[in-house]
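*Asks:* No letters, just coordinates:
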């Protein structure tokens, strides 16, 4: 599993970057990354950023990765809402996409993760392909009930709190 990198890309806002390769099977009949596959790429990037899959591996320093995702974990992470807006199709390429993530909302029992999916950082011109948001609820595996965001999670994620990804649908919600 790969680690990401941290930047202050937007007005000093801290973002976590995951380099996500596009696989040949991710393409649809139009030779673009399929819209449903984009949600899988976001899930894989989110897993790299937030889950402690191998907590004893010192090479995987990921400051956001504080949720224990092992089979014996006391917490399940469930998606309660997900939305994506596709701006420019993603074609197959050999360089990985730059998936940027940050926390756009933290409530007592959930977080909202915002994303921007950019073309590879090595590209001569930066292109924003997709923006998205995911709301994650934390569930206690013993009780099946939502649990609160704990102090370790809050401390790890607060430095990455920023404005939510702006999407076209936000205009209609403002009233």
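*Replies:* Thanks, I have the structure now. Since the structure is predicted, the reported quantities are computational estimates derived from the model, not experimental observations.
*Asks:* Every contact and neighbour count from this point should use C-alpha atoms.
*Replies:* Noted.
*Asks:* Residue 162 and residue 36, how far apart?
*Replies:* According to C-alpha to C-alpha, to the nearest Å, residue 162 stands 26 Å off from residue 36.
*Asks:* okay, those two: which has more neighbours?
*Replies:* Legend: neighbour count by other C-alpha atoms under 10 Å for residue 162 and residue 36, higher for residue 162 (20 against 11).
*Asks:* Which residue is the nearest non-sequential neighbour of that one?
*Replies:* residue 104 (5.1 Å; C-alpha to C-alpha, 6 or more residues apart in numbering).
*Asks:* pLDDT on the helix or strand containing the one you found, on average?
*Replies:* Here residue 104 sits within strand 97-106, counting by DSSP states H and E. For strand 97-106, the mean per-residue pLDDT is 94.
*Asks:* which other helices and strands contact that strand?
*Replies:* strand 13-20, helix 35-50, strand 110-118 (3 or more C-alpha pairs under 8 Å, 6 or more residues apart in numbering; DSSP states H and E).
*Asks:* The longest one packs against which elements?
*Replies:* Based on contacts counted as 3+ C-alpha pairs under 8 Å, 6+ apart, the elements that helix 35-50 packs against are strand 13-20, strand 97-106.
*Asks:* Could you export those to JSON lines, including columns for distance to residue 51 and mean neighbour count?
*Replies:* Listed next are the helices and strands packed on helix 35-50 as JSON lines, based on distance: least, C-alpha to C-alpha, whole Å; neighbours: other C-alpha atoms under 10 Å:
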{"stretch": "strand 13-20", "distance to residue 51": "13", "mean neighbour count": "21"}
{"stretch": "strand 97-106", "distance to residue 51": "14", "mean neighbour count": "23"}
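*Asks:* Could you export those strands as a markdown table, including distance to residue 153?
*Replies:* What follows is the helices and strands packed on helix 35-50, written out as a markdown table (distance: least, C-alpha to C-alpha, whole Å):
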| stretch | distance to residue 153 |
| --- | --- |
| strand 13-20 | 15 |
| strand 97-106 | 10 |
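*Asks:* Of these, which is nearest residue 26?
*Replies:* For these, proximity to residue 26 was assessed by C-alpha to C-alpha; strand 13-20 is nearest, at 11.8 Å.
*Asks:* tilt between that closest one and strand 110-118?
*Replies:* Here strand 13-20 runs at an angle of 60 degrees relative to strand 110-118 (axes from the mean of the first three to the mean of the last three C-alpha atoms, to 10 degrees).
*Asks:* What segments of the chain are helices?
*Replies:* Counting by DSSP state H, residue ranges of the helices within the chain are 35-50, 151-157, 170-173.
*Asks:* For this protein, which residue occupies the most central location?
*Replies:* The residue lying closest to the centre of the chain (C-alpha atoms, centre = their mean) is residue 46, at 3.8 Å.
*Asks:* Next up, the contacts around that residue.
*Replies:* Applying C-alpha atoms under 8 Å, 6 or more residues apart in numbering, we find residue 46 in contact with residue 101.
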